[in-house]
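Engineer: following is a predicted model, sequence given first.
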Amino acid sequence: MPVYCTIPVFDSLLPEPHNTQILKLIFDLAHWHGLAKLQMHTDCTLELLLQITVAFGAGICKFEEKTC
């Protein structure tokens, strides 16, 4: 399911601050997925992929710590 369809579905399902955390995770995953699907990478896209991978990992840890 594309992110432009997914975010509205999940929005407001949980109370704050959990709602914002879930939406950030969905966005980060969609961003990562878009970069990972590229057929040809440049140094810039590889750096972005590294940054978003780290951000997504941190978001998962925060989700596990505060939401689960």
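Structural biologist: Received, thanks.
Engineer: can you show me the helices along this protein?
Structural biologist: Applying DSSP state H to the chain gives helices spanning 3-10, 18-36, 43-66.
Engineer: most packed of the ones you listed?
Structural biologist: Most buried of the helices of the chain by mean neighbour count (mean count of other Cβ atoms under 10 Å) is helix 18-36; its value is a mean of 16. For the C-beta atoms, the positions are set from N, CA and C on the backbone; glycine is no exception.
Engineer: quick check: F63 touching L25?
Structural biologist: Yes. Between F63 and L25 there is a contact at 6.0 Å, judged by Cβ atoms under 8 Å.
Engineer: and for those two, which residues touch both?
Structural biologist: Listed as contacting both F63 and L25 by Cβ atoms under 8 Å, 6 or more residues apart in numbering is no residue at all.
Engineer: for E47, see how far away the spatially most central residue of the chain is.
Structural biologist: Among the residues of the chain, D28 comes closest to the average C-alpha position under Cα atoms, centre = their mean, at 1.8 Å. Noted for D28: a distance of 16 Å to E47, by Cβ to Cβ, to the nearest Å.
Engineer: same thing with G34?
Structural biologist: Counting by Cβ to Cβ, the gap from G34 to E47 is 15 Å.
Engineer: over to P8?
Structural biologist: Distance from P8 to E47, by Cβ to Cβ: 31 Å.
Engineer: next: C5.
Structural biologist: Taken as Cβ to Cβ, the span from C5 to E47 is 29 Å.
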